[in-house]
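Enquirer: Pasting the sequence and the predicted model now:
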Amino acid sequence: MDTNFVSALGGGSGIDTTALVKQLVEVQKAPQQTRLDSKKETLDAQISAYGTLKSSLAEFQAMLEPLSDNDTFNARSVSFPETDVITPAALDADAQTGSYQIEVIEVAQSQALAVNTAVDDKNASLSVSGALTISLGTWTYDGVDNDNPLSFAENEAQTSLTLDITTDDSLQDIADKINDADSDVQASVLLVDGNYQLMISAPSGEDNALRISADDTGLSNMFAFNETLHANVTETQQANNAELKVNGLTVFRESNEIKDVIQGLEFTINKASPGDKFTFAITEEKDTAEDAIRGFVEAYNTFYETAKSLTGTATDAETNETSRGDLATDGSAKALLSSIRSIITSSVPGVSEFNALTNIGIRTQLDGTLEIVDSEFTAAMADNFDEVASMFAPQTSSTSGYVDVSLGSYATKTVAGTYSGSITTAPSKGTVIGEIPVLPLDTASPGGDYTFSVKVDGVTSGELTLSGSFATADDLRTEMQSLINNDATLKEAKAFVDVVIEPGGEFKLASREFGSTSNVSMATAGAEFGTSTGLSTASVATNGSDASGTINGDAAFGSGNVLLAKIDTDPYGLNFTVREGAPAGDFSFTYSKGFAGELSSLFDSFLSSTGVIQTREDSINSQLDGIDDDQTSLDRKMTVYSDRLTQQYLAMERIISSFQTTGDSISGLVDILPFTATS
């Protein structure tokens, strides 16, 4: 037999079974792997595209911020002359426009008192003790040389301070106690001709002059500056108000830092210059708003082109080949872009006129981008600037002069529109009223118990004592208000009162807080105090009340003088401040987020953790996770398939090897058979 059939089959290692198995596995795996790779590539591209879309949205939203700020449309410019009399400090966005003429007659200055007692060691004990009381108010001087203080009217807006001076205290210790107190009074120890003196100063303004008294003779002789004793204290500078004329109107201010004469303009008076008049003008500065609007149009076009390239198709002008964006088949991305285009072309809710971009010359072109028609835009900015501002920036309005509408912490949830409201109860403050008219009073004669204490907003003062001679009921009113509001316990709790005289002459103590927790009552009242003031523990006390009413038909939550709309209703997020004495009745109010606000709110919803972009990204990532699982499953199946083929070919190898061994045996047998053996 010439041919060995076993050798012809490749006997044993004649076949590369490893390569053969690999090729068979690749052929089996290829269609499924291609499908997974294609799907993963598409999803990866979509994730990347959503990242680009999200970044583009955020950049566009940042360009909206100036348009959602009313200050952009209230920008002002001032043409201020060169002068060393006053220096402009700040110009607010809503400064009152107009032409102004200013003349500075006097500058404000603070009172300064020098204690004549001089010591060679500022840290040595002065050996005096007692309570040192410093009050702020207005001095009336004698008509002789205008140097001697005659009478003092306490400043109700300021709080006095009482210092506990001990025998161990030095001049420096007393200065430190004054400076450490909760007061605007300041003290310093000066070295004068080799000795130390105490200088005490107050804030500027004639209503902030100092009155110093003590309950100890030694302390009083050293530091007192009052109606009866001031010989040992020198007034080195009298308190004085700034005096200036604005457009011919005389104005007085306590400070040289003028902030409230011309609305929105702050300036500093440097020196008096009577007869020196200078003029300037505050005008609207529209360039800021115009730049912001043009910036918005440019930003929108950039965003739109980016979004369009991601969600649409494009044709190459040279090759005429059409390509699709990575989100061209993504319904969520297309709906997002459609929502933005809808706002761009719609009217702004809550705005009656000039409520769409087309009203100010901004048109949508055929390719979806925006274009500014300069002639129309320029005319709108020149002739209807306020309406343009109302269209872009948030606005609130109320038909009631007793109700102010403002944006609250949750205004992002408020739905723009016009709504109705109703006031049922106006807010009020807690009060207590005396029974009899108040007359002039001299507590020193005939003597008696003039102590009292009050409870304000749930906080009870310490024992207070009326002392002194009061020529008028208003003098007594001022003293009582000062005593109460300077009480340490009430000051710490910020529980203050206003003491007023009723038309019938009775005293009324009113809390400065509105609401049902606002209350004032007489905790204690000495016999003579009650007889003189008409106030006693039996005096009629009335608690304050919270504002109440409805907002858009739902009962509002009232707290003090503020009403809040019902949670999760359309007006929720707006605050309504109701003035005292507001009559019961209906009113209406309007809220507009403005064009920029509406668009920004839409972007917030898109970019939030539960928004359409995050939801879509989560879905894509979930699909990618599924592909990873499918890949793992496919790899596992192919491994099993490869192992099965390998085992089959190994079995084949063993069979072929067995055939080879048998063939060798047969060949040897043939050689020894008769008639077949070789010679």
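Expert: On my side now, so go ahead.
Enquirer: SS state for residue 132?
Expert: Per DSSP: H, G, I helix; E, B strand; the rest coil, the local secondary structure of residue 132 is strand.
Enquirer: What is the neighbour count of the nearest residue to it once chain neighbours are set aside?
Expert: The shortest distance from residue 132 to any non-neighbouring residue, by Cβ to Cβ, 6 or more residues apart in numbering, is to residue 163 (4.5 Å). Using the backbone N, CA and C atoms, a C-beta is placed for each residue, glycine as well. When neighbours are counted by other Cβ atoms under 10 Å, residue 163 registers 19.
Enquirer: again with residue 424
Expert: 14.
Enquirer: And for the helix or strand harbouring it, what's in contact with it?
Expert: If you go by DSSP states H and E, residue 424 is part of strand 417-425. Strand 417-425 is contacted from outside by 349-350, 400, 402-403, 545-553, 556, 558, 563, 570-571, 576, 578, 582-591, using Cβ atoms under 8 Å, 6 or more residues apart in numbering.
Enquirer: Quick one: the helices in the stretch 451-600 of the chain, in order.
Expert: With DSSP state H, counting those that start in this stretch, the ranges of helices along the stretch 451-600 of the chain come out as 473-485, 488-493, 527-533, 594-607.
Enquirer: Let's have the ones you listed in a markdown table, adding distance to residue 39, mean neighbour count and mean pLDDT.
Expert: Listed next are the helices of the stretch 451-600 of the chain as a markdown table, based on distance: least, Cβ to Cβ, whole Å; neighbours: other Cβ atoms under 10 Å; pLDDT from 0 to 100:
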| stretch | distance to residue 39 | mean neighbour count | mean pLDDT |
| --- | --- | --- | --- |
| helix 473-485 | 76 | 20 | 89 |
| helix 488-493 | 69 | 14 | 91 |
| helix 527-533 | 89 | 20 | 92 |
| helix 594-607 | 26 | 20 | 88 |
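Enquirer: And the ones you listed: which comes nearest residue 180?
Expert: helix 488-493 (14.8 Å; Cβ to Cβ).
Enquirer: picking that back up, what pLDDT is listed against the residue nearest to residue 132?
Expert: At residue 163, the model reports a pLDDT of 92.
Enquirer: Next up, phi/psi of it, please.
Expert: Backbone geometry at residue 163, expressed as degrees, to the nearest 10, gives phi -110, psi 140.
Enquirer: contacting residues around stretch 133-141?
Expert: Contact with stretch 133-141 is made by 147-155, 158, 160-163, 178, 183-185, 200, 202-203, 206-215, 238-239, 482, as judged by Cβ under 8 Å, 6+ apart.
Enquirer: Among those residues, which are located in helices?
Expert: 178, 482 (DSSP state H).
Enquirer: Filter the contacts of stretch 133-141 down to the buried ones, ChimeraX style.
Expert: In ChimeraX, this line selects whichever of the contacts of stretch 133-141 come out buried by 16 or more other Cβ atoms under 10 Å:
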select :149,152,153,154,155,158,160,161,162,163,178,183,185,200,202,203,206,207,208,209,210,211,212,213,214,238,239,482
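Enquirer: tell me the angle the lengthiest helix in the chain makes with helix 594-607.
Expert: In the chain, with assignment by DSSP H, the single longest helix is helix 612-672. Relative orientation of helix 612-672 and helix 594-607, computed by axes from the mean of the first three to the mean of the last three Cα atoms, to 10 degrees: 30 degrees.
Enquirer: Show me this structure divided up by domain.
Expert: Taking automatic domain parsing as the domain assignment, the ranges for the chain are 76-107+243-284, 110-240, 396-427+547-592, 429-542.
Enquirer: And the pLDDT at the residue nearest in space to the middle of the chain?
Expert: For the chain, residue 409 is the residue whose C-alpha lies nearest the centre (Cα atoms, centre = their mean; 8.9 Å). In this model, residue 409 is scored at 86, pLDDT.
Enquirer: what about it, helix or strand, and which?
Expert: Using DSSP H and E, residue 409 sits within no helix or strand.
Enquirer: and it, backbone torsions?
Expert: Main-chain dihedrals, residue 409, degrees, to the nearest 10: phi -70, psi -30.
Enquirer: returning to what we had before: selecting buried members of the contacts of strand 417-425 in PyMOL, what would you type?
Expert: In PyMOL, a selection of the buried entries from the contacts of strand 417-425 looks like this (16+ other Cβ under 10 Å):
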select buried, resi 349+350+400+402+403+545+546+547+548+549+550+551+552+556+558+563+570+571+576+578+582+587+589+590+591
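Enquirer: quick one on the thing from earlier: residue 270: which of the helices of the stretch 451-600 of the chain is closest?
Expert: helix 473-485 (34.2 Å).
Enquirer: Any chance you could list what contacts that closest one?
Expert: Here helix 473-485 makes contact (Cβ under 8 Å, 6+ apart) with 135, 153-154, 156, 159-160, 437-441, 454, 456, 461, 464-466, 468, 470, 490-491, 496-501, 505, 507, 509, 533.
Enquirer: residue ranges with poor pLDDT in this structure?
Expert: Counting by pLDDT under 70, the chain has low-confidence residues at 1-14, 144-146, 315-317, 660, 663-664, 667-679.
Enquirer: one more time with 50
Expert: 1-10 (pLDDT under 50).
Enquirer: Can you identify each of the strands in the stretch 101-250 of the chain by residue range?
Expert: All strands of the stretch 101-250 of the chain, identified by DSSP state E, counting those that start in this stretch, fall at 110-115, 130-141, 149-154, 161-165, 186-192, 195-204, 209-214, 233-237, 242-246, 249-253.
Enquirer: Include distance to residue 478 when you put these into TSV, please.
Expert: Below are the strands of the stretch 101-250 of the chain laid out as TSV (distance: least, Cβ to Cβ, whole Å):
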stretch	distance to residue 478
strand 110-115	19
strand 130-141	9
strand 149-154	6
strand 161-165	18
strand 186-192	24
strand 195-204	18
strand 209-214	13
strand 233-237	23
strand 242-246	24
strand 249-253	20
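Enquirer: hey, which of the ones you listed is tucked in deepest?
Expert: Compared across the strands of the stretch 101-250 of the chain, strand 209-214 shows the largest average neighbour count, a mean of 23 (mean count of other Cβ atoms under 10 Å).
Enquirer: Contact partners for the residue nearest to residue 132?
Expert: The contact partners of residue 163, by Cβ under 8 Å, 6+ apart, come to 131-134, 174, 177-178, 181.
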